[in-house]
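**Q** Requesting a structural model of the entry that follows:
(chains A, B and C)
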Amino acid sequence: MRARIAVIGVLRALSRDRNGLIGGTLVAILVGAVLLSLAWTPYDPTAVDPNSPWLLPFSDGHVLGTDMLGRDQFSLILVGSRETLVIALVSAGIAAALGVPLALAAALGPRRFAAGVVQLVDVAIAFPALLTAMILAAVFGGSVWTTASAIGVAFGVHLARIARAEIERVAGTDYVLAAAASGSSTGRTIRRHILPNIAPTLLVQLSLVMAVASLTEAALSYLGYGSPAPAVSWGRILHDQQPYISARPLLVVWPGLAVALTVLGFNLLGDALRDATDPRLRHGGSGAVAKADGERAVRAIRPPAAVAGALLEITDLTIRIAGRTVVDGVDLTLAPGERLGLIGESGSGKSLTALAVLGLLPEGAEATGSIRLDGAELLGRSERELARIRGDRVAMVFQEPLTALDPTMRVGRQIAEPLRLHRGMTRRRADEAAIELAARVGLPDPADLVRARPHQLSGGQRQRVGIAIALACRPALLIADEPTTALDVTVQRDILALLDEQAREQGTALLFITHDLAVVSSVSDRVAVLRGGRTVEQGPLETILHDPRAPYTRALLAAARATAFAPIEAPAEIPTDSVEAAS
Amino acid sequence: MTVFVVRRLGLLALSLLGASILTFALLRLLPGDAAASVGGITADKAQLRSIRHDLGLDRPLIAQYWTWLTEVPTGDLGHSQLNGSSVTGELGEKLRVTGPLVLGALVLALVFAVPLGMLAAVRRERRDGTAISVASQLGIALPTLWVGLLLILLFAVQTPLLPAQGFPVEGWADPGEASRSLVLPTLTLALSEGAVLLRFVRSATLDVLHRDYLRTARAAGRTRTGALLRHGLRNAAGPVLSMLGVQVAALLVGAIVVEKVFTLPGVGSMLVADVGNRDLVKVQGEVMLLVAIVLFVGFLVDIAQRLIDPRLADVRVREVTG
Amino acid sequence: MTAPAVLLRAEGLTRTHRLPRRSLWAPPGRRYALRGVDLTLAEGGALGVVGESGAGKSTLIRLLLALDRADGGTIRYRDREVRPGPARTLAWFRREVQIVLQDPMSSLDPRARVRDIVAEPLECLGVAGDHDARVDEVLAAVGLDPDTRDRYPHEFSGGQRQRVAIARALAPDPRVLVADEPVSALDVSVRAQILDLLGDLRTRLGLSLVLVSHDLGVVQHLCDEVLVLKAGEAVESGPTARVLGDPSHAYTRDLLAAIPTLPAPRASVV
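**A** As a prediction, the model looks like this:
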């Protein structure tokens, strides 16, 4: 019952998807052709008719014409579909039966055994299917079995390699860990969690195997190593017609087209199946991105309230993603050198607001309203113009110091990047400046450290590199998006101190984004509270902390106080017998 | 790095050994008596025995394998069982056709697949990006041999610009003529493999596009395109490179088909003919050569990947354990 | 007054990892993820394990739940030794000790429905009785509508997902709940609710708790004993009020000093 509902769900999703529709139709046509050919063909496909050679399409009931022996091409192609489908299915079956157990053994087996399997797979991959199929055909005589087993084995090892990576990924997830803690045996975990979660990848790969099997079958038959006559194969029709290519070009078009459409069908179906079997994608698929250009023009006309001497002025900022409003009329102002804390929970729109300032919104996001820097409008500027401001007047520090840095590039080069872009420094000059910057953000042994790559640094050091990049051109505004959330508390303290010290020293204004009220209270003069894309409250830090107006701010403060660490002033009385000194 | 190269070299040697055993075993499955085909139907038992002795077929399989194995590293792949010609010599000659064909196709495929694949990823929401994507999907579906036939139809039959088939008997004596006869075959192979490569490049680029470091580079003042070229390219190179080993295997197999379509005297045609003739020693040498090339490319790819992405070479346990 | 019985006792827990080989000649090094850690959990007690990243918190959890093999040391539950092994040899232990992980998004199988997720331990541990009824019961206990049982994890908010994960842990009616950073992936307002739920379950069901967290606030609110880990070693342990109020180890003092604090509300400052 539940399985049937699931199948119907997948079919529905498939029919909604364009790829699925085309792929499904093509594969259905192939299956239909096979079934039809078993019951009926317009002519006997192998019957030689000396009276009607070289007939053009649609003459005398020969839809696709006849060849030099008078054989009906449509009937031949209809019958040839059998060979293709059978070999595709048998190959996929063999590949799955071989590949999945191999992958399970390589991913979950004892280490030495797994290493052996991996090594074997690596060697086997070097033997192409076509080559082994030819040799097998020479030994046993060409047949469905020689072809399908060669393809099945060759792609079984490919499948094993891909499935192994996928199994290792799933086996490392928390839900597999949770299953083990729930008492699930290895066998059950494989059945209930690993196989269902690698199934989409397997389906995609198996549809690819079927596609490649169809191609390989055609090539083999063409080379003369496929199933011998009377079996009909599209590849052999191609081989037979090649000598007459200049006289009757259409005769090589039909069978080739049949192969191509079949392969296309398997490939498209595979792509669509991957999407359709994912429950996360099946419900509430993202709609088309709504363009709101007209509206932007209307909104931008609204005269923003000018604040004299403001560095950054955000007025009525609204951001839509996929038709959903995620930031809804946010107003913020920042004076030169001011420190503004932007606080909010997930989904409050705080990060998007910051990204909008730099023109770094994700693709498909549409911003309206006004963002003025030094009185000049930023919204609607071209990528090139924005790039000139980014890293120079406005810079940003991101949350994840590991992923925010290019893993393949030495950190010194990354610190030097804004200097080369905005100050036109030579590489040598910028490299020297990078060492100075590294020293300024407190990195140890800066001259050596600039030669390291991000993975060789600790989390705190990486974030210092991120700060060095941001401060390189002495920006007027530094936006820090949860810069300490990924860090340990002791590191957080040092990074907060560094940001504060550098901002003060250079007179840089700071827009500090965080979910943590305690953190915001140490780096802000003013605080703005965001919720659901709206500014709930804005005011001096003191007011927000001690006399908040909005009920949401009060609730947020209460929740934070309820879970925050409260310093214990006087130590409680200690019963001596319960003190266990750590070894 | 040294540790890695040494270890990887050992692995390569082990793989080659494994491949040689597989090749040898696969071919000894071939039924039929090579001596009978050499001696012809008139040969009597004594003659057959002496032929077998000459070919070394009366020795134990292990001994035959050992002889072959010890000769391979010296570049001696043995002699044809049918006419006694040197396998190494003939392969060297045939490689003068297959080598340029495969290398040319690889270069051509890279030249059009890498930029187009990146474009298809960057502009996937736009019409041109979708068009490239659809075209590559079609390109993958077209059988190589059919692409070859269609190209012959277009450029040799309809408008006779290039030779439809064959290769000059004098080989490269006339370089112009020889190159002309390789144009269509190279194009065929490049189109088929390029379409597959394009999909790899597209998905590798798509993966890189959403990485945080591109955003960091843009925040530091690069444009979207600038960031992709400066940081995206080298990061996407790793995954694409890792597919290169498989790609080379596909190219070699494709060459077998293409040489047949265009009747080129290359390694592929030689292999097809020798399998048909059951010339064991020759097939053995040819299969071993193809497999060794694939394994060696895999070795080079692994080394190159370490050089591009130092994280692979320098995994700290801190990151493994979290 | 007799001391409460000890439920879980670990002694000298050690786990090492091999480092990648750096030279052809020298043997590869080893790194201690955990080194000689002792802990005890009394019946009805709540033990907090605190430490920064790399302190060995996750390793400790895996060892405590027999999900990974220790290189040294023993774990005993009610004086019976617990060793990693085939699932069926550990069923008795898993019925008593259950786990809640950090990020409910990743700790729930995206392809499974809530009913199957929550019923998993019942099924695997061979718990007798009507599983559907038990699922409804624990869903209600964590504040979820039993009608949610046919939904998939992605249809819930973060806090609701963590409730599902807690319901799964409660299903076999365990005596001990081991929670690995149970609220650090959640928003502040949701965090308080989940902590309240855990505290409430503890008193209502008489559960004992091992809570692993980098957040001293969380530990302070839920635990009566604390163990401080640093780089795989226990540097300090004891009653929460003593360790957090008067730390004896320099590292604990540093950790406490680094916590950003929210100024107390003025109203309470008299």
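**Q** Is chain A within reach of the one helix or strand B:Thr225 maps to?
**A** For B:Thr225, the host element (DSSP states H and E) is helix B:224-227. Yes - shown here: helix B:224-227 in contact with chain A (Cβ under 8 Å from any Cβ of the partner chain) through B:224, B:226. No exception for glycine: its C-beta is placed from N, CA and C like everyone else's.
**Q** Please point out which parts of that helix sit buried.
**A** Using 16 or more other Cβ atoms under 10 Å in any protein chain shown as the test for burial, helix B:224-227 gives B:224, B:226-227.
**Q** Likewise for stretch A:454-469?
**A** So, applying 16+ other Cβ under 10 Å, buried residues of stretch A:454-469: A:454-457, A:459-469.
**Q** show me the contacts for residue 128.
**A** Going with chain A. The contact partners of A:Pro128, by Cβ atoms under 8 Å, 6 or more residues apart in numbering or on different chains, come to A:154, B:249-250, B:252-253, B:290.
**Q** my bad, the chain I had in mind was chain B
**A** B:Asp128 touches B:Leu119, counting by Cβ under 8 Å, 6+ apart.
**Q** got the domain boundaries for chain A?
**A** A:2-282, A:312-582 (automatic domain parsing).
**Q** got JSON lines for the ones you listed, with mean pLDDT too?
**A** Shown next, in JSON lines, are the domains of chain A (pLDDT from 0 to 100):
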{"stretch": "domain A:2-282", "mean pLDDT": "87"}
{"stretch": "domain A:312-582", "mean pLDDT": "90"}
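**Q** Residue 81: how many residues sit nearby?
**A** The chain I'm using is chain A. 23 (other Cβ atoms under 10 Å in any protein chain shown).
**Q** nope, chain C
**A** 9.
**Q** cool, A:Gly224 as well?
**A** 17.
**Q** A:Asp392 too?
**A** Counted with other Cβ under 10 Å, A:Asp392 comes out at 19.
**Q** For it, which non-adjacent residue is spatially closest?
**A** A:His422 (4.4 Å; Cβ to Cβ, 6 or more residues apart in numbering or on different chains).
**Q** wait, doesn't the one you found sit right on A:Gly391?
**A** Yes - the pair A:His422 / A:Gly391 is scored as a contact, 6.1 Å apart, by Cβ atoms under 8 Å.
**Q** more neighbours, the two?
**A** Neighbour totals were compared for A:His422 and A:Gly391, and A:Gly391 leads with 27 against 20 (other Cβ under 10 Å).
**Q** Hmm, the more buried one is touching A:Ala476, no?
**A** No - judged on Cβ under 8 Å, A:Gly391 makes no contact with A:Ala476 at a distance of 12.0 Å.
**Q** so which strand or helix has C:Asp38?
**A** With DSSP H and E as the test, C:Asp38 turns up in strand C:30-42.
**Q** where's C:Thr252 relative to C:Lys230, distance?
**A** 9 Å (Cβ to Cβ, to the nearest Å).
**Q** what do you get for C:Asp224?
**A** 21 Å.
**Q** More neighbours: which of those two?
**A** The residue with more neighbours, out of C:Asp224 and C:Lys230, is C:Lys230; 20 against 14, by other Cβ under 10 Å.
**Q** can you pull up the bridge partners for the more buried one?
**A** Beta-bridge pairing of C:Lys230 under DSSP bridges involves C:Glu233.
**Q** Model confidence score at it, please.
**A** We have a pLDDT of 94 for C:Lys230.
**Q** so what's it up against?
**A** C:51-52, C:55, C:251.
**Q** Adding distance to chain B and pLDDT, write those out as TSV.
**A** Listed next are the contacts of C:Lys230 as TSV, based on distance: Cβ to the nearest Cβ, whole Å; pLDDT from 0 to 100:
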residue	distance to chain B	pLDDT
C:Gly51	13	91
C:Glu52	12	89
C:Ala55	11	89
C:Tyr251	18	94
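**Q** Restricting the selection to alpha carbons, write the strand holding C:Asp38 to PDB.
**A** What follows is strand C:30-42, C-alpha atoms only, in PDB (Å, rounded to 0.1, in the frame of the first residue of the first chain):
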ATOM      1  CA  ARG C  30      49.500   8.500  16.500                       C
ATOM      2  CA  ARG C  31      47.400  11.200  18.000                       C
ATOM      3  CA  TYR C  32      45.300  10.800  21.000                       C
ATOM      4  CA  ALA C  33      41.600  11.800  20.500                       C
ATOM      5  CA  LEU C  34      40.900  10.800  24.100                       C
ATOM      6  CA  ARG C  35      43.400   9.900  26.800                       C
ATOM      7  CA  GLY C  36      42.500   8.200  30.000                       C
ATOM      8  CA  VAL C  37      39.200   9.800  30.700                       C
ATOM      9  CA  ASP C  38      37.100   8.600  33.700                       C
ATOM     10  CA  LEU C  39      33.500   9.500  34.300                       C
ATOM     11  CA  THR C  40      30.600   8.300  36.400                       C
ATOM     12  CA  LEU C  41      26.900   9.000  36.000                       C
ATOM     13  CA  ALA C  42      24.700   8.400  39.000                       C
END
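**Q** Can you tell me the strand partners of the very next helix or strand once past that strand and which way each runs?
**A** Sequence order places strand C:46-50 as the next helix or strand after strand C:30-42, per DSSP H and E. Strands that pair with strand C:46-50, judged by DSSP bridges, come out as strand C:208-213 (parallel), strand C:225-230 (parallel).
**Q** just checking, what packs against the next helix or strand after strand C:46-50?
**A** Sequence order places helix C:57-64 as the next helix or strand after strand C:46-50, per DSSP H and E. For helix C:57-64, the helices and strands in contact under the criterion 3 or more Cβ pairs under 8 Å, 6 or more residues apart in numbering or on different chains; DSSP states H and E are strand C:6-18, strand C:30-42, strand C:72-77, strand C:176-180, strand C:208-213.
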